[in-house]
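Engineer: Dropping a prediction and its sequence here:
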Amino acid sequence: MLGRPILRWHCLITAAASISLASVTLNAQSVGRAKVLTPPKPADTTASRARASAPPAAAAAIRPAVVPQSPALDSIREVVFHNLLDKDRAGFSTLASAFCLSLSTDDFKKASTSQDRADPSEGMVRRLMTPRTPARRASTCTFSPNAPGRSVAGRALLYTVGAIDLSAGDRAEAAAGYNYDGYSSAGYTFSVERSDSGWVVKQWRMEWTSKSATP
């Protein structure tokens with residue numbers, strides 16, 4: 001009779017030990033599985049590093065334009081540039097830090113965001129240069145984006161002569177415009193005629209004008 005209770009206790013202890021051993025094994029297996037789980041893939045930072053290291057885009061990048069060339073066209077361009085500079089059609093000659101000249105194929109009938117333009121010849125620039133308006137090629141000028149609180153004075157004044165219609169023979173129409181470094185801009189149409197002394201401006205009209213709300 002005494003041996004049966006002892007046997008029963010022996011069975012209970014053995015069962016408890018088996019359960020404990022199974023639990024330890026299961027936990028070990030769980031830990032082992034946790035160790036071999038594939039960790040989450042880290043976020044790909046290559047693109048963000050490339051963006052951070054890339055230089056900022058130029059605010060007023062100039063793309064080279066292909067403009068028609070001929071002695072007559074250059075003579076008209078020169079007389080229109082002279083009128084723009086001498087008459088201060090933009091109204092910023094006393095404020096500008098640079099007088100920049102360029103050519104384009106734009107008709108300047110309306111405002112455009114095109115940056116396609118080319119430099120006039122160095123000879124033309126030299127002939128237009130005066131102590132009051134030291135003209136230079138547009139590619140040598142620096143243009144900056146508008147920013148709040150930026151002074152109106154000291155900006156680069158860009159004059160551009162655009163499309164020229166020579167279909168009337170001794171008369172022509174030339175498009176032109178100015179841009180005072182993003183602060184103010186306008187488009188014009190110049191009517192010119194050929195005389196014994198060369199092309200002369202007979203009249204001009206403003207096609208449009210705009211001014212930035214943020215100086």
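Structural biologist: In hand now; what should we look at?
Engineer: Look at the nearest residue to residue 141 once chain neighbours are set aside and say how many residues are nearby.
Structural biologist: Once flanking residues are discounted, residue 141 sits nearest to residue 100: 3.9 Å by CB to CB, 6 or more residues apart in numbering. Every residue, glycine included, has its C-beta placed from N, CA and C. Counted with other CB atoms under 10 Å, the neighbours of residue 100 add up to 25.
Engineer: What is the strand or helix carrying residue 100 packed up against?
Structural biologist: Counting by DSSP states H and E, the element that carries residue 100 is strand 98-103. Identification of packing neighbours for strand 98-103 by 3 or more CB pairs under 8 Å, 6 or more residues apart in numbering; DSSP states H and E yields helix 71-87, helix 122-128, strand 135-137, strand 156-165.
Engineer: Show residues contacting the first one.
Structural biologist: When contacts are defined by CB atoms under 8 Å, 6 or more residues apart in numbering, helix 71-87 is touched by residues 89-90, 93, 99, 101, 103, 120-121, 124, 127-128, 130, 133, 135, 159, 161, 164, 166, 172, 174, 176, 178, 190, 192, 198-201, 204.
Engineer: Next up, the contacts around residue 89.
Structural biologist: 83, 178, 186, 188, 204.
Engineer: no wait, residue 185
Structural biologist: 111, 177, 178, 179, 209, 210.
Engineer: Quick check: it is in a helix.
Structural biologist: No. Assessed with DSSP: H, G, I helix; E, B strand; the rest coil, residue 185 is strand; it does not lie in a helix.
Engineer: hey, what's it bridged with?
Structural biologist: As for beta bridges, residue 185 partners with residue 179, residue 210 under DSSP bridges.
Engineer: most tightly surrounded among the helices and strands packed on strand 98-103?
Structural biologist: Most buried of the helices and strands packed on strand 98-103, by mean neighbour count (mean count of other CB atoms under 10 Å): strand 156-165, with a mean of 23.
Engineer: strand partners of that one, parallel vs antiparallel please.
Structural biologist: Counting by DSSP bridges, the strands paired with strand 156-165 are strand 98-103 (parallel), strand 171-180 (antiparallel).
Engineer: what's the angle from it to helix 71-87?
Structural biologist: 140 degrees (axes from the mean of the first three to the mean of the last three CA atoms, to 10 degrees).
Engineer: List the contacts of strand 156-165.
Structural biologist: 68, 73, 76-77, 80-81, 84-85, 90, 92-93, 96-108, 117, 120, 138, 141-143, 172-181.
Engineer: Can I have the buried ones of those residues as a ChimeraX selection?
Structural biologist: Remark: buried members of these, expressed as a ChimeraX selection using 16 or more other CB atoms under 10 Å:
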select :73,76,77,80,81,84,85,90,92,93,96,98,99,100,101,102,103,104,105,106,107,108,117,120,138,141,143,172,173,174,175,176,177,178,179,180,181
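Engineer: circling back: as TSV, the strands paired with strand 156-165 with mean pLDDT would be great.
Structural biologist: Below are the strands paired with strand 156-165 laid out as TSV (pLDDT from 0 to 100):
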stretch	mean pLDDT
strand 98-103	97
strand 171-180	97
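Engineer: and residue 154, which of those strands is closest to it?
Structural biologist: strand 98-103 (9.3 Å; CB to CB).
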